[in-house]
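Student: Here is my input, please return the structure:
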Amino acid sequence: DYTTEEHQAARQQLVDEGFTDKQAARSLAALWTLNNNVAKDRWALRQRHLRDIRQREEDEEEQRQQLLIEEQEAACREERKKNKNKYAPLVHRKVPSEPTIIPAQYATRKLKAGDYCELHYFTN
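Tutor: The predicted structure follows:
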């Protein structure tokens, strides 16, 4: 409301230029409305720009996270490839009731070389 005492100085400048009091108040209100609309448009544009920047940053962060996850999975796969025994599945079987016969090193070397090896190396 530009008819109040608060805006008397601004109104007086327009009255000095030849406007009436009502015309001056309406002109000031129209100027304020125009300036306010321009400021609102600038603010909306700035908010849209900030929202776009935030969205872009979120997308980049999501891509970085996805890349990090893929790198970790690749490292895990490589680790599994290198250490197959470490990641081999465990087979749950019953405990054997008979002793396992393991031949002596001498007999094993003879067998690997393809030489004759007596049978008594494989019995208890």
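
Student: Could you use CA atoms for every contact and neighbour count after this?
Tutor: Will do.

Student: So Asn85 versus Ala44, what's the distance?
Tutor: With distances taken as C-alpha to C-alpha, to the nearest Å, Asn85 is found 61 Å from Ala44.

Student: Neighbour count: these two, which is higher?
Tutor: Shown here are Asn85 and Ala44; by other C-alpha atoms under 10 Å, Ala44 has more neighbours (12 against 9).

Student: element containing that one?
Tutor: helix 21-82 (DSSP states H and E).

Student: other SSEs contacting that helix?
Tutor: helix 8-16 (3 or more C-alpha pairs under 8 Å, 6 or more residues apart in numbering; DSSP states H and E).

Student: if we can go back for a sec, run the angle between the helix holding Ala44 and helix 8-16 for me.
Tutor: 120 degrees (axes from the mean of the first three to the mean of the last three C-alpha atoms, to 10 degrees).

Student: next structured bit after helix 21-82?
Tutor: Helix 21-82 is succeeded, C-terminally, by helix 105-113 (DSSP H and E).

Student: what's that next one in contact with?
Tutor: 116-117, 121 (C-alpha atoms under 8 Å, 6 or more residues apart in numbering).

Student: any idea which of the residues you listed is closest to Gln23?
Tutor: Tyr121 (122.1 Å; C-alpha to C-alpha).

Student: What about the residue nearest to the closest one when sequence neighbours are not counted, how many residues nearby?
Tutor: Distances taken as C-alpha to C-alpha, 6 or more residues apart in numbering put Pro103 closest to Tyr121, at 6.0 Å, once the chain neighbours are dropped. Neighbourhood size, Pro103 [other C-alpha under 10 Å]: 14.

Student: about what we covered before: per-residue confidence averaged over the helix holding Ala44?
Tutor: Averaged across helix 21-82, the pLDDT comes to 95.

Student: Nearest to the middle of the chain, which residue? Look it up for me.
Tutor: Glu62 (3.0 Å; C-alpha atoms, centre = their mean).
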